[in-house]
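Visitor: Build me a model:
(chains A and B)
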Amino acid sequence: MRHVFSVRIGPIGFRIGSDWRAPIAQMESLYTDYPGPHDGVPDFNVRLFAARPWRRVIRPSVMIGGDFVLPEAAPLPLAQGLLAAEMGMNLQMALGQRRYLLLHASVVERDGRALVMTGMSGAGKSTLAALLGTRGWRLMGDEFALLDPATGLIHAFPRLISLKNAAIGVAEAAVPDGVFGPLLPGTPKGDIRHLVPNAAAIAGMDRAADPALILFPRFGFEAAERYVAPSEVFVRLTQASTNYVAMGERGFDALTRLVTTVPARAIDYPDTDRALAQVEALWRDL
Amino acid sequence: MARAESLRIVHLDSFTAVYHRSSGITHLITAPAPEILATLGEAGMTFAALTERLATDYDLGDLDADALAARLDELVASGLVSAA
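Guide: Residues are numbered from 1 along each chain as shown, chains lettered A, B, ... in the order given. Okay, the predicted model is just below:
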């Protein structure tokens, strides 16, 4: 392809090829402090390409391809090329990752122990992880927790933090010195703006952590907290995993081990300040 | 019978997770299904013997024969238990 960028995020190497310069330039800028893939060999390839040759220039629209593809994925306008690249990387992980059990969750770490936050889109897991990352925690990732079946440890995957809609303003106010990508209005998921994980997150991305608490946050309700039984955690995490079925017995063993050894709580919260206080209180009581 | 080598069984709480190696399907089961799987073992046994063992080994004495037969049919349908 005409333009190429390679990057390693945690243990996973990517190579992104593009028909256009702009998305690659944005990635080079936002991922400037990240290393390249181990030994220069990526685990996954992503391709951003024009469906027809003239679509490179006339109303350019970006098709997402790669080692693994969704056949019906709709193209994005070139202005959202960065989002296309991020979606392509997520897609490779979701469809192709076999070494780790992938949990759709954000993860932060303190003292070698990981807090795993999962929930529906809009539950606030990206926002909470971004804010905790500025308050004494190390951000390990806002999209995927990589659970190693061999060790039970969580590996970091600190890609760009994907902030959506109201979360953009919350993060801009809370992380005033943060490095943000361009505002991408009108995407299929609304407005999106990416936040670059801070230096501690990037420098520490090769350090795995022992899972210590699983949290199911829910935004927009009065503050509340409840115990979540292992069987409920198991069911919710199988639903939150993109490769549980593909992982077979290794996935079963990894997940049953996680839910029988790590406590879980659900929290409702009316605003992020309250959520951060709830998280700290739960962490103290572990 | 319930072939031990074909099942991975992990007790979670009131539910038990079962991974069925032949199909790759995960099942969540609750009493008396885990007790039935544990009692049947690999050798298998007659329905009458199963009823008696469940009553003595577990606190499942109030389980009537119809209910047990229904649970057993469900386990056979799921592939976790095979009928002789």
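Visitor: remind me, longest helix of chain A?
Guide: Determined from DSSP state H, the single longest helix within chain A is helix A:244-261.
Visitor: Who are the packing partners of it?
Guide: strand A:101-110, strand A:144-147, strand A:210-219, helix A:230-240, strand B:7-11, strand B:15-20 (3 or more Cβ pairs under 8 Å, 6 or more residues apart in numbering or on different chains; DSSP states H and E). (Each C-beta comes from the backbone N, C-alpha and C, glycine too.)
Visitor: how about these, which one is nearest A:Glu28?
Guide: Of all those, strand A:144-147 sits nearest to A:Glu28, with 22.7 Å by Cβ to Cβ.
Visitor: Now do the buried residues in the least confident helix or strand in chain B by mean pLDDT.
Guide: The weakest-scoring helix or strand in chain B, judged by mean pLDDT, DSSP states H and E, is helix B:47-57 (a mean of 86). By 16 or more other Cβ atoms under 10 Å in any protein chain shown, the buried positions in helix B:47-57 come out as B:50-51, B:53-54.
Visitor: So what touches the longest helix of chain A?
Guide: A:98, A:101, A:147-149, A:152, A:211, A:214, A:230-231, A:233-234, A:237-238, A:241, A:243, B:8, B:10, B:12, B:17, B:19, B:21, B:24, B:26 (Cβ atoms under 8 Å, 6 or more residues apart in numbering or on different chains).
Visitor: ok and the residue in chain B nearest chain A?
Guide: Residue nearest to chain A within chain B: B:Phe15 (3.7 Å; Cβ to the nearest Cβ).
Visitor: Tell me how far the residue lying closest to that residue once chain neighbours are set aside lies from B:Ala17.
Guide: In space, and not counting its chain neighbours, B:Phe15 is closest to A:Ser231: 3.7 Å by Cβ to Cβ, 6 or more residues apart in numbering or on different chains. Computed as Cβ to Cβ, to the nearest Å, the A:Ser231 to B:Ala17 distance reads 8 Å.
Visitor: The two: who's more crowded?
Guide: Counted by other Cβ atoms under 10 Å in any protein chain shown, A:Ser231 and B:Ala17 do not tie: B:Ala17 has more neighbours, with 24 against 18.
Visitor: give the contact list for the nearest residue to the more buried one once chain neighbours are set aside.
Guide: Counting by Cβ to Cβ, 6+ apart, B:Ala17 lies nearest to B:Val10, which is 4.8 Å off, once chain neighbours are set aside. B:Val10 is in contact with A:252, A:256, A:260, B:16-18, counting by Cβ under 8 Å, 6+ apart.
Visitor: which of the residues you listed lies closest to B:Ala65?
Guide: Closest to B:Ala65, out of all of these and judged by Cβ to Cβ, is B:Thr16, at 23.0 Å.
Visitor: Quick check: the closest one vs A:Thr238, distance?
Guide: Applying Cβ to Cβ to B:Thr16 and A:Thr238 gives a distance of 15 Å.
Visitor: residues in contact with the residue nearest to B:Phe15?
Guide: A:Ser231 neighbours (Cβ under 8 Å, 6+ apart): A:259, B:12-15, B:17, B:28.
Visitor: Return the closest of those with respect to A:Met205.
Guide: With Cβ to Cβ as the yardstick, the closest approach to A:Met205 among the contacts of A:Ser231 comes from A:Val259, at 25.6 Å.
Visitor: Show me what from chain A comes close to chain B.
Guide: Residues of chain A lying near chain B by Cβ under 8 Å from any Cβ of the partner chain: A:229-231, A:234-235, A:238, A:245, A:248-249, A:252-253, A:256, A:259-260.
Visitor: what about the lengthiest helix in chain B, distance to the chain center?
Guide: Looking across chain B with DSSP H, the single longest helix is helix B:65-78. Put simply, helix B:65-78 sits 9 Å off its chain's centre (Cα atoms, centre = their mean, to the nearest Å).
Visitor: Would you mark the buried spots in it?
Guide: Residues of helix B:65-78 classed as buried: B:68, B:71-72, B:75 (neighbour count, 16+ other Cβ under 10 Å).
Visitor: Check stretch A:123-139 too.
Guide: Of the residues in stretch A:123-139, those buried (16+ other Cβ under 10 Å) are A:123-134, A:137-139.
Visitor: can you list the weak-confidence ranges in chain A?
Guide: Of all residues in chain A, none has pLDDT under 70.
Visitor: Let me see the domain layout of it.
Guide: A:3-96, A:101-284 (automatic domain parsing).
Visitor: For A:Ala85, give me its contacts.
Guide: The contact partners of A:Ala85, by Cβ under 8 Å, 6+ apart, come to A:16, A:18, A:23, A:27, A:46, A:48.
Visitor: Repeat the analysis, applying 7 Å as the threshold.
Guide: A:16, A:23, A:27, A:46, A:48 (Cβ atoms under 7 Å, 6 or more residues apart in numbering or on different chains).
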